[in-house]
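Colleague: Return a 3D structure for these sequence lines:
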Amino acid sequence: MHKEYLMGNEAIALGALAAGVNCVCGYPGTPSTEVLETAAKHRREGMYVEWSVNEKAAMELAAGAAYSGARALVTMKQVGLNVASDPLMSLEYIGVEGGLVILVADDPGPISSQTEQDTRHFASFSKVPCLDPSSPEEAYRMVQDAFQLSEKYHTPVFLRPTTRICHAYASLLVKDPEEYENHSFGGFQKDSGRWVIFPRLSLKNHRLIVERNRELSDAFSDYRGNAVLTHGRGDEYFGIAASGISYAYALETVEKLPEDIPVKLLKIGTPYPFPEKLAAEFLQSVKAVLCLEELDPVIEDGLLLTAGKKKLSLDIVGKNTGHVPAAGEMTRSHTEKAIRSFTGAPLPEEKRPDPEMPELPARPPVLCAGCPHRASFYAVKQAMKGKKAVFCGDIGCYTLGNAMPLDMVDTCLCMGAGVNITQGIGHLDPDTTCFAFVGDSTFFASAVTGVINAVYNQADMTLIVLDNSTTAMTGHQPHPGTGHTMMGEVVEKVSIEATLRGVGVQTVETLNPLEHGKAVETVKRVSALPGVKAIIFKYPCIALSCEKTKQLRETGPVHILPEKCIQCRKCIREIGCPALTVKDGKVAIDETLCTGCGLCKAVCPVQAIEGGDM
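Modeller: As a prediction, the model looks like this:
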């Protein structure tokens, strides 16, 4: 054993390696991404790792590995679980042979997601056991427990950290590589009565799952991830129930309360199946309960149900009653304020609010200086000037094209949805010129079926593929179009253009979006054609290290010719590049940000900008 200073996601990955994991797969999504990246970095001989094209593919691949007796870890964020839910719901009825742990990172805030959905609900919905760590140390232990639990009960198991667990750092004791478990497995054993899902099998297994989860509820009452801690002494105790990072915050606050405020703190590390026996004992020992958790009142509802079953009369407050915020993160200050209000303990002097403290300004995210997506959006915007057009966006860096002054994302729902939303608008409003924007990674993940749907149902739309040769938003992971895998293999690139032509798109044009005049002309011409047509704007992400970006950096930033500049500020108003600024009342280039892409040169009406790539 040795100590390491680790991010929560790194701790989860090392915990899986210590458990002898044989297969790790997933799809990148903040805050889960570093789990798979760390597993790949420390991959043992014979271990398989991949970034799958989407979460559904990853879940099914992991299921196949677990059918074979291997230990498999599949990683995703909470909205990715929506994509993986189809195989998951049936997989629980079938079960597994080897251990299968489903790492789903929830994102309270939400900080980088479309939703604040709570995976604990998915656990009860799918009847899959769920472990909810409260620290990186516990996450390291819990992933190992999850594999054992999965194999003992032949079920997938959720591990559900939230953002502040995933991205917190801690110094923790971890196993040396030579101490890792060597999990051997016998391979897939044919048994159609077990592995082929039919209604009769599902009915039988459904009954078994219900019985198993009752057994697990009792077993979880003695599990080390659940506990009751006592603070102070008194005749009647305040009860506080918490989970995840909220438990860590609650523990810090309770430890600082005066000894004459007696508190019992219930930690729930297994939200499903709910440890009813432990919860009942806790409820019988307190006079009232405050529930602290992210995101929904899962523990609160579990305690209410337990109190009802045991005919216990006491107040149980939390999100349902408005005692804690119903949405967003449970911050350290939220937790302390709620606990002190509940127990009657005053806030410490240094914690009292300062009436003079101004609110921090909001800093909206923007496309990077030199991002090729800015040029793509601007070309389409110029081509459609004066026309009735709709621009359906998608999930990725290019979602930021919604910001002013570009204002080029009219809809954004979930990965791949823009292609189909475009069709819905176009079929019902044929006078609208419809565009769907999608990135290269998202194209492979979930947009291909939408394109096929458009071709088959004779939609009239223009697909704009923003190909920057990476999965940029989540940290530059490879995808089928990059030509390499997470195992370090160099493979044949899957061509987006060939794929589009293969599914029946007749017009597919590929060009550099930084060639502004050509880009505008191409959009005008192609969008006027009937049916489904596509334009691939291909230029690497400015953060990538490749030949094109190297040439761009060697060219250096653009600069303004003061004698020509008329201070119209059109460059700033039109494209919103963060490298364009105003200094001493005049337009200026921030050379620390400018990449030399030269898009602003195309915008300037008096050619007052020179240098750069264009």
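Colleague: residues contacting the residue lying closest to Thr155 once chain neighbours are set aside?
Modeller: The shortest distance from Thr155 to any non-neighbouring residue, by C-beta to C-beta, 6 or more residues apart in numbering, is to Gly95 (6.0 Å). Quick note: C-beta positions are derived from backbone N, CA and C, even for glycine. The contact partners of Gly95, by C-beta atoms under 8 Å, 6 or more residues apart in numbering, come to His154, Thr155, Arg194, Asn205.
Colleague: so how far is Thr270 from the second one?
Modeller: With the distance defined as C-beta to C-beta, to the nearest Å, Thr155 ends up 13 Å from Thr270.
Colleague: Identify the contacts common to the two.
Modeller: What both Thr155 and Thr270 touch, as defined by C-beta under 8 Å, 6+ apart, is the set Pro129.
Colleague: higher neighbour count, these two?
Modeller: A side-by-side neighbour count of Thr155 and Thr270, using other C-beta atoms under 10 Å, places Thr270 first with 25 against 22.
Colleague: what's the closest non-adjacent residue to the more buried one?
Modeller: Phe220 (4.2 Å).
Colleague: Next, the buried residues of the strand or helix carrying Lys548.
Modeller: For Lys548, the element it lies in under DSSP states H and E is helix 547-555. Residues Lys548, Thr549, Leu552, Thr555 are the ones in helix 547-555 that count as buried (16 or more other C-beta atoms under 10 Å).
Colleague: again, but for stretch 151-168
Modeller: 151, 153-168.
Colleague: One more: stretch 598-611?
Modeller: In stretch 598-611, counting by 16+ other C-beta under 10 Å, buried: Gly598, Leu599, Cys600, Lys601, Ala602, Val603, Cys604, Ala608, Ile609, Gly611.
Colleague: quick one, what contacts the nearest residue to the last one once chain neighbours are set aside?
Modeller: In space, Gly611 comes closest to Val558 once its chain neighbours are excluded; the distance is 4.3 Å by C-beta to C-beta, 6+ apart. When the contact criterion is C-beta under 8 Å, 6+ apart, the partners of Val558 are Ile589, Cys594, Gly596, Gly598, Cys600, Lys601, Ile609, Glu610, Gly611, Gly612.
Colleague: Of those residues, which belong to strands?
Modeller: Secondary structure from DSSP state E places Ile589, Ile609, Glu610 of the contacts of Val558 in strands.
Colleague: where's the last one relative to Pro372, distance?
Modeller: For Glu610, the distance to Pro372 equals 21 Å [C-beta to C-beta].
Colleague: cool, and Ile425?
Modeller: Ile425 is 26 Å from Pro372, by C-beta to C-beta.
Colleague: Tell me which stretches of the stretch 501-614 of the chain form strands.
Modeller: 507-511, 532-538, 559-560, 580-583, 586-589, 609-610 (DSSP state E, counting those that start in this stretch).
Colleague: Mean neighbour count, these: which tops it?
Modeller: strand 532-538 (a mean of 24; mean count of other C-beta atoms under 10 Å).
Colleague: Give the partner strands of that one in its sheet and their orientations.
Modeller: strand 461-467 (parallel), strand 507-511 (parallel) (DSSP bridges).
Colleague: what's in contact with the last one?
Modeller: Going back to what we said before, that points to strand 507-511. 497, 500-501, 518-519, 522, 526, 529, 533-538.
Colleague: average model confidence for that strand?
Modeller: For strand 507-511, mean pLDDT rounds to 97.
Colleague: Show me how far it is from its chain's centre.
Modeller: On the basis of C-alpha atoms, centre = their mean, to the nearest Å, strand 507-511 sits 31 Å off its chain's mean C-alpha point.
Colleague: Work out for me the element Leu91 sits within.
Modeller: helix 78-94.
Colleague: What residues sit buried inside that helix?
Modeller: So helix 78-94, judged by 16+ other C-beta under 10 Å, has buried residues 78-85, 87-88, 91-94.
Colleague: Give the residue spans of the stretch 301-450 of the chain that score low on pLDDT.
Modeller: 349-355 (pLDDT under 70).
Colleague: Now do the residue nearest to Gly611 against Leu599, distance only.
Modeller: Distance, Val558 to Leu599, using C-beta to C-beta: 9 Å.
Colleague: ok, now Met142?
Modeller: 48 Å.
Colleague: Please apply the same query to Asp260.
Modeller: From Asp260 to Leu599 the distance is 66 Å (C-beta to C-beta).
Colleague: cool, and Met415?
Modeller: In terms of C-beta to C-beta, Met415 sits 27 Å off from Leu599.
Colleague: Would you reformat the contacts of strand 507-511 as a markdown table and include distance to Leu278?
Modeller: Converted to a markdown table, the contacts of strand 507-511 look like this (distance: C-beta to C-beta, whole Å):
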| residue | distance to Leu278 |
| --- | --- |
| Glu497 | 59 |
| Leu500 | 56 |
| Arg501 | 60 |
| Lys518 | 68 |
| Ala519 | 63 |
| Thr522 | 65 |
| Val526 | 64 |
| Leu529 | 66 |
| Lys533 | 61 |
| Ala534 | 57 |
| Ile535 | 59 |
| Ile536 | 57 |
| Phe537 | 57 |
| Lys538 | 57 |
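Colleague: which one of these is nearest Ser446?
Modeller: Taking C-beta to C-beta as the measure, Ser446 sits nearest to Leu500 out of the contacts of strand 507-511, at 15.1 Å.
Colleague: The closest one and Val451 touch, don't they?
Modeller: Yes - Leu500 is within contact range of Val451, at 6.7 Å (criterion: C-beta atoms under 8 Å).
Colleague: which neighbours do these two share?
Modeller: Contact criterion C-beta under 8 Å, 6+ apart; residues shared by Leu500 and Val451: Leu463, Ala534.
Colleague: More neighbours: which of those two?
Modeller: Val451 (27 against 23).
Colleague: Next up, the contacts around the residue lying closest to Thr433 once chain neighbours are set aside.
Modeller: Excluding the flanking residues, the one nearest Thr433 by C-beta to C-beta, 6+ apart is Ala389, at 4.3 Å. By C-beta under 8 Å, 6+ apart, Ala389 lies in contact with Thr432, Thr433, Cys434, Phe435.
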